[in-house]
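J.: Sharing a sequence plus its predicted fold:
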Amino acid sequence: QVQLVESGGGLVQAGGSLRLSCSGSGRTFSTYRMGWFRQAPGKEREFAAAISRYGTVIYADSVKGRFTISRDIAKNTVYLQMNSLKPEDTAVYYCAADAGVPMSTTPDRYYYWGQGTQVTVSS
């Protein structure tokens, strides 16, 4: 069983930065692939970034070059550093985890989810 808790969301002006954190529990957390997804009002949940157990990372085109995903194995924590934020980045951001090995950008490939943290970017 894995429990995920996100933190770090908030209100920021366009061009600003935020760092989201996702703390996980469970002995095998370090072996899980981790993803960050986001969902804006009236839209489907969409992929933002993912990191494998080996440290391989992938990003959605919409955030590439602005967002950085990383993980601290010792702290059981995954981070999403978000720079040069835009109003269209406004959404609830969710952390997700799964024991599967191949990298995945689809929500239904992740079994465990956090409760979400709101990110609002003002223009």
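T.: Cool, the structure landed. These numbers were taken from a predicted model, which means no experiment stands behind them.
J.: contacts, neighbours, all on C-alpha from now
T.: Noted.
J.: quick one, what contacts the residue nearest to Y110 when sequence neighbours are not counted?
T.: Using CA to CA, 6 or more residues apart in numbering and skipping the chain neighbours, the partner closest in space to Y110 is D98 (4.9 Å). Going by CA atoms under 8 Å, 6 or more residues apart in numbering, D98 touches Y32, R33, M34, R109, Y110, Y111, Y112.
J.: Among the residues you listed, name the buried ones.
T.: Neighbour-count burial (16 or more other CA atoms under 10 Å) is assigned, among these, to Y32, R33, M34, Y110.
J.: Wait, the last one touches V101, no?
T.: No - under the criterion of CA atoms under 8 Å, Y110 is not in contact with V101, lying 11.0 Å apart.
J.: ok, of the buried ones among the contacts of D98, which one's closest to T117?
T.: Taking CA to CA as the measure, T117 lies nearest M34 of the buried ones among the contacts of D98, at 16.0 Å.
J.: Now for that closest one, which secondary structure element holds it?
T.: Assigned by DSSP states H and E, M34 belongs to strand 33-39.
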